[in-house]
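> need the 3D shape of this:
(chains A and B)
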Amino acid sequence: MTERTLAFVADGQIPPSAPPAATTGLLGWLRANLFAGVFNSVLTILSILLIIYVVPAAFEWALVNGVFNAENIRECRAVLAIPVLTEFANTNGLTIDGSTMATMGLVEQQKYLLGLVGDATKGLKYPHGACWAVIVDRFDQFIYGFYPEELRWRPNVAFLLLLVAIAYVLFDKMPFRRYGMIFSFLYPIIGFYLIWGGGVDWFVAIIPGMMAAIIIYFLGEQTFKEFGFQPSQAMQAAQYGSGIFFLLYMAIVIFMALFSEGGKLFTYGFEPVESAKIGGFLLAMIVGVSGIVFSLPIGILLALGRRSNMPFFQGLSIVFIEFIRGVPLITLLFVANNVLNYFAPPGESTMDLILRVIIMVTLFSSAYMAEVVRGGLAALPQGQYEAGDSLGLNYWQSMRLIILPQALKISIPNIVSSFIGLFKDTTLVVVIGLMDPIGLINNIRAHSDWNGLVWEFYVFVALFFFIFCFGMSRYSMYLERKLATDHR
Amino acid sequence: MADATIGTPGGPPKAAFRFDMLWNDSRYRSSFLQVVALFVVLLVLLYLANNVRVNLAALGKDFSFGFMSTPASYDINQQPIDYSSRDSHARAAVLGMLNTMLVAILGCFLATVIGVLAGVARLSKNWLIRQLMTVYIEVVRNVPVLIQILLIAAVINESLPQPKDFRGEDAVAAMIFSDSIAATNRGLYLPRPVWGDGSLWVIVAFILSIIAMVSFNRWRTNYQRRTGLEVPSTLDAAVWPAAVITGLLVAYFFYRIGTWSILAEWGFPNPVIGGESLNIDLLGLIVAGGLAFMLGRSLTSSAAVLLLILTIPVILIHFLFGQPVSLDYASVTERGIARFEGGLYLRDSYVALTVALSIYTGAFIAENVRAGIQAVSKGQTEAAFALGLQPGRTMSLVILPQALRIIIPPLISQYLNLTKNSSLALLVGYMDATGTLMGITLNQTGKEFETLFLGMAFYLSVSLSIAAVMNLYNKNAQLVERTSATGIGFSFMNFFGGKWDNLKKGDAKMRPSYGIRGVLNLYVLFYGAILVFLLNFIFIERAVLDVHLDAPPALQSTEAIQDALSGDLPQALAEAYLPGGFDRLKPEDVQKAIDTFTARPRNADATVADIEEAAIKSMKIKMSNATEAQLGLALEMIKGQLTIPGATVVDTRGAVNAYFEATRAGATVADIGESLKVYLSVAPKGEVIDDHVKDLFRPALLDLAQQSEPPFEIRPSYWHWTTTLQFAALGMILMAFAALITCLFKNASFFDMAAIELIVFLLAFLIGFPFGDLIPGVSALLVLGVGLLIRIGILAWTVVGAGPNLTFFNRERRA
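Predicted coordinates:
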């Protein structure tokens, strides 16, 4: 643009010189990330040594030498031993009778080879390998416990329906959403009926009644509005409608219970399966899912109570929450096992153990849920509460329409992590003798076929839980990002 | 309404109170709702309590803590305090609690170390370390802790060598660190410090050194304030001596743990002088020398002085007194069953539990640490650098104080989780509070309610203490905001964050409550108190009394009994009782009890213990309702045995116990009188009477008092103050006081009053007789007096504000 006036003024930029070779490319990355300074280099080398020490050995144990096909632990050992023995025999010029071998089982083959090789076997080292055959053999048991084989389609269907029910709750773009939500609300009773079969205890029948009443309320309100009623009239009409429905429902249930055997309803239909037969991951799922589902409404109420202005409700919520959070889950399970039956009306048939566990787990998790929801409530700006008040909404209206939708949205990631925690904690039911995966481990190890195996079980169960929980935690992170719609 | 004038200072006209205002008027609605809710809750509780009472009575169980003083008769495998199986259940429970605390304390420490290291490593510049730590954290956090505990227990039990592998010349396994630590499948054996004669002086020297260090620090701070210099430059001379001493100590440490032997194993030759190998650790020397050199270069002079103060006196005294502190090493026995003797033994289950819990909790702590450090804005670091602070000081003066504020609350709740998770000890056979109190004691005594109550109370008190500490810390450390500047007083609600929420909503809650609201509150609390009282009474008292009053249908008529007697009696009894819930008693037990009861007392060799056993067992299955003839026989037998020389009080008490149980089914007053005399002549005076015996005494005594000529009086304190009534009265007084003060005075919450009353009465209960009677004695009176004083103090505090300055916790922090 301007004329060049002075010789020592540059009229353009000097082209940038290339960065030093040591700071770019692979070398630069290595220096920056692995060998920055003496201390870091030492750490890196130690870590590499650790990885070299652990990973190949674990890989070899689990996969290279893993045995997937065997009838029992002796065959597992034989599978690992036979190649070594054969090779030893071959190198020492012993002849192996192939046709005889072919007629024998694995254990007999090992014995035959041992006999052939003789005392020279003392110094032989057999490779270590995982005996996954036990998992293959007992896989169904790990999933279903002792659930009768011909009835296992029922938990399967229940699980698929659970996925559908969850999908309707979580995703708002599903087809037939309104009916899907009804289905989700009714799912607990469907699932219960599918898994246990037989009749339904009359008090269990209260739950679908309550669910149905809630649905009738919402649907009714909407329908009345569509017919041109004023909102307040529609609400009142829906309230009365659902209330009357619930009373009638309860009357019918109690009436039926009075005239049925043992207070059970619908005693026809699916063949009953007793609780002792339910185990494995099925049990973990039942306890975990019902714990979290039932605890959500209780948790919301407790959270609202804890933030209430009324000292009685506040005190009640605080005492409940702090009590439950202050004791280990294991003591609550003891309560379920030992004490809970005493609270039932005298002379009643004793409550089912899994049901008792679900009750205590629900109480346990509702305390934690309350804290999660309270966090969500506290995160809302005061203006939201005041907005509700200034619109003239009453407490429940402003909670339902303004506060809770936002608070729950904030809380969803924490609800998911609370579910992960609860799902992990379902393993504790082993202390009261339920056949969850860990209980099954003891059971299987007691069997003579698999007595002596240790690691395979723990690795398998740990892997299952890891996949599930890790997936859930990633999902909650995804949700957290997706739901972050605030204006920051 | 007509005479109400508009605009008077009195405010809007006051409408007369109508009942529909209770639910329509927002002034009264919440109080009314709470009254209703309170009643509903109490009714539900009453219903549940009544169910429990009836169900317990049907099983013949009562609610009392008397069993805590009976012998536990089981062994505990880790005993931090002396214990034998003859000690009481209470001691066993305490032992279990101590074991829990041992896991919790070491676990929290290890978890903090692991967590801080992993958290910092996750932020490291080193890519590999970062990835490794991510793997560790994600894997550990997503696998149930129970599996990890079992896995580590399996690692210890399956893959570590047995003690016998350590024995002999060609031992398969060897102790590490020059025979000081043995890792076996039975657990870890570590050296144990032995405090010999004169070690007291070493400890004294150590304490004095600490005091000296503190005072040096104070002096140093003052000096810096005065002069602007950290320390006088003359103290720089301390740097090199301190560095050398540290180096020497490190070298000595390497020598003692014997790294030279490890090096020798790896093929490094020891230096040889004159044909003799010197056990000198070259590598250790090099490391120590390097360390000394580095310290000499980098140590600040004040740190050097502190090091010198810490080390020199202790070392000098230690050597002057002839090395009184030594280590006791574990060693494997040479003959007999191979096991380790001496040293400090950490049992396998303890190690597995502690290690697994620390690794698990460490992963969570690591995440907290990472989040805390990341939460400190980068601008803070840059500001510190801009001020010229060195990286170390930036960390300690700028970043850490801010990060800690974020890290510590979740850290403490992780400690809490670790403590609660330690209850999984049960599954690896470690005897903690769950294993003893809620495990074996529960199963042995069948006292589900009592043991679970005590166990939960233990965990709850630990949790609440930790929570209290955390909340106090939070109050102290959190940024001072506008709301707290008003300086609210101390309230127990603070422990639960109660006041915080309330304050934000303005001070409406702090207004004194008058009028109908106050009256409603009073009614709520007063009737609440009475209902609680009733609840206590019905729940516990009736459960005890009703136990023996209802006979099962099979034995209600004489004909039925005779039928049963002529037929197969044990079978009939079993049928009569087992469906009723005697699930712990098998038919064989019943058979055995009846055999013992009917046959043994005829035997001249029968001891009192036999009779006790027989009588108690048979009474448990309500044989007392069987026949008069049988009972008479039994009574004769028992009475005959009562005065056996050498019978212990427990024996006699058991016998009398059984005797009274029997008399309630038809023995005469004369019998009761006679046995009472016998009992009182045998029982030593002042003996704390067993709850159970006492409960049985009461109706007998009442009968006796009414029917004897002339009727005599029974001192109320003798039988009136049962544990139940104490609890009931406690509850009632507590609630009533709380009610009164809540209604009358502002700033006092119901919760505070309840908490204070509870503390007072717990103290009274503990100083009186735990699990026994609170017969008014000097100690109890003292406690009551102190309680009264405390209450007067509270009144003074709430009325005239003459209280201690507890706003301390809310004070503003200034530089």
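> pick out the residue of the stretch 51-200 of chain A closest to chain B.
Of the stretch 51-200 of chain A, the residue with the smallest distance to chain B, taken as CB to the nearest CB, is A:Ile51 at 7.9 Å. Backbone N, C-alpha and C define where each C-beta goes, glycine included.
> one more: the stretch 201-350 of chain A?
Of all residues in the stretch 201-350 of chain A, A:Gly326 sits closest to chain B, at 3.5 Å by CB to the nearest CB.
> quick check, that residue in contact with B:Ser465.
No. With contact defined as CB atoms under 8 Å, A:Gly326 does not count as touching B:Ser465 (9.9 Å).
> could you check which of the two has the larger neighbour count?
For A:Gly326 and B:Ser465, the more surrounded residue by other CB atoms under 10 Å in any protein chain shown is A:Gly326, and the numbers stand at 21 against 13.
> of all the residues in the stretch 51-200 of chain B, which ones are close to chain A?
Counting by CB under 8 Å from any CB of the partner chain, the residues of the stretch 51-200 of chain B close to chain A are B:51-52, B:54-56, B:58, B:124-129, B:132, B:138-139, B:141-148, B:150-151, B:154, B:158.
> kindly supply the ChimeraX command isolating those of those that are buried.
Of those, the buried ones go into a single ChimeraX selection, burial set by 16 or more other CB atoms under 10 Å in any protein chain shown:
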select /B:51,52,54,55,56,58,124,126,127,128,129,132,138,141,142,143,144,145,146,147,148,150,151,154
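> looking at the residues of the stretch 51-200 of chain B next to chain A, which are in helices?
B:51-52, B:54-56, B:58, B:127-129, B:132, B:138-139, B:141, B:145-148, B:150-151, B:154 (DSSP state H).
> related to what we said a few turns ago, ok, now which ones touch the nearest residue to the residue of the stretch 51-200 of chain A closest to chain B once chain neighbours are set aside?
With CB to CB, 6 or more residues apart in numbering or on different chains as the measure, B:Leu132 is the residue that lies nearest to A:Ile51, at 7.9 Å, once sequence neighbours are left out. Neighbour list for B:Leu132: A:Ser47, A:Leu50, A:Ile51, B:Ala121 [criterion: CB atoms under 8 Å, 6 or more residues apart in numbering or on different chains].
> recalculate using a threshold of 10 Å.
A:Leu43, A:Ser47, A:Leu50, A:Ile51, B:Ala118, B:Ala121, B:Arg122, B:Ser124, B:Asn126 (CB atoms under 10 Å, 6 or more residues apart in numbering or on different chains).
> again, but for A:Lys424
For A:Lys424, the residues meeting the contact criterion (CB under 10 Å, 6+ apart) are A:Ala284, A:Gly288, A:Phe465, A:Phe468, A:Cys469, B:Arg141, B:Asn142, B:Val143, B:Pro144, B:Val145, B:Leu146, B:Ile147.
> doesn't A:Trp455 make contact with the last one?
This means B:Ile147. No. With contacts counted by CB atoms under 10 Å, B:Ile147 stays clear of A:Trp455, the gap being 11.6 Å.
> quick revisit: most surrounded residue in the contacts of B:Leu132?
Neighbour counts for those were taken using other CB under 10 Å; the highest belongs to B:Ala118, which has 24 neighbours.
> tell me what whatever helix or strand that one lives in is packed against?
Counting by DSSP states H and E, the secondary-structure element that holds B:Ala118 is helix B:89-122. For helix B:89-122, the helices and strands in contact under the criterion 3 or more CB pairs under 10 Å, 6 or more residues apart in numbering or on different chains; DSSP states H and E are helix B:127-141, strand B:344-347, helix B:348-375, helix B:400-421, helix B:433-435, helix B:442-445, helix B:448-477.
> okay, buried residues for the helix or strand where A:Ala81 lies please.
Element membership of A:Ala81 [criterion: DSSP H and E] is helix A:73-91. Residues A:73-82, A:84-86, A:88-89 are the ones in helix A:73-91 that count as buried (16+ other CB under 10 Å).
> so which strand or helix has A:Tyr217?
A:Tyr217 is located in helix A:206-226, with elements delineated by DSSP H and E.
> would you put the C-alpha positions of that helix in PDB?
Extracted as PDB, the C-alpha positions of helix A:206-226 are listed here (Å, rounded to 0.1, in the frame of the first residue of the first chain):
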ATOM      1  CA  ILE A 206     -53.900 -51.700  45.300                       C
ATOM      2  CA  ILE A 207     -50.900 -50.500  43.200                       C
ATOM      3  CA  PRO A 208     -52.600 -50.800  39.700                       C
ATOM      4  CA  GLY A 209     -55.700 -49.300  41.200                       C
ATOM      5  CA  MET A 210     -53.800 -46.300  42.300                       C
ATOM      6  CA  MET A 211     -52.000 -46.100  38.900                       C
ATOM      7  CA  ALA A 212     -55.300 -46.400  37.100                       C
ATOM      8  CA  ALA A 213     -56.800 -43.700  39.300                       C
ATOM      9  CA  ILE A 214     -54.000 -41.400  38.500                       C
ATOM     10  CA  ILE A 215     -54.300 -42.100  34.700                       C
ATOM     11  CA  ILE A 216     -58.100 -41.600  34.900                       C
ATOM     12  CA  TYR A 217     -57.400 -38.300  36.600                       C
ATOM     13  CA  PHE A 218     -55.100 -37.000  33.900                       C
ATOM     14  CA  LEU A 219     -57.000 -38.400  30.900                       C
ATOM     15  CA  GLY A 220     -60.300 -37.300  32.400                       C
ATOM     16  CA  GLU A 221     -59.100 -33.800  32.900                       C
ATOM     17  CA  GLN A 222     -57.900 -33.600  29.300                       C
ATOM     18  CA  THR A 223     -61.100 -35.100  28.000                       C
ATOM     19  CA  PHE A 224     -63.300 -32.700  30.000                       C
ATOM     20  CA  LYS A 225     -61.300 -29.800  28.700                       C
ATOM     21  CA  GLU A 226     -61.700 -31.100  25.100                       C
END
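> what about that helix, near chain B?
No. Helix A:206-226 does not reach chain B (CB under 10 Å from any CB of the partner chain); its nearest approach is 15.4 Å.
> against which helices or strands is the helix or strand following that helix packed?
Next along the chain after helix A:206-226, taking DSSP H and E as the criterion, comes helix A:231-258. Under the contact criterion of 3+ CB pairs under 10 Å, 6+ apart, helix A:231-258 touches strand A:200-201, helix A:206-226, strand A:264-265.
> in helix A:231-258, what's buried?
Under the neighbour-count rule (16+ other CB under 10 Å), helix A:231-258 has A:Ala234, A:Met235, A:Ala237, A:Ala238, A:Gly241, A:Ser242, A:Phe245, A:Phe246, A:Tyr249, A:Met250, A:Val253, A:Ala257 buried.
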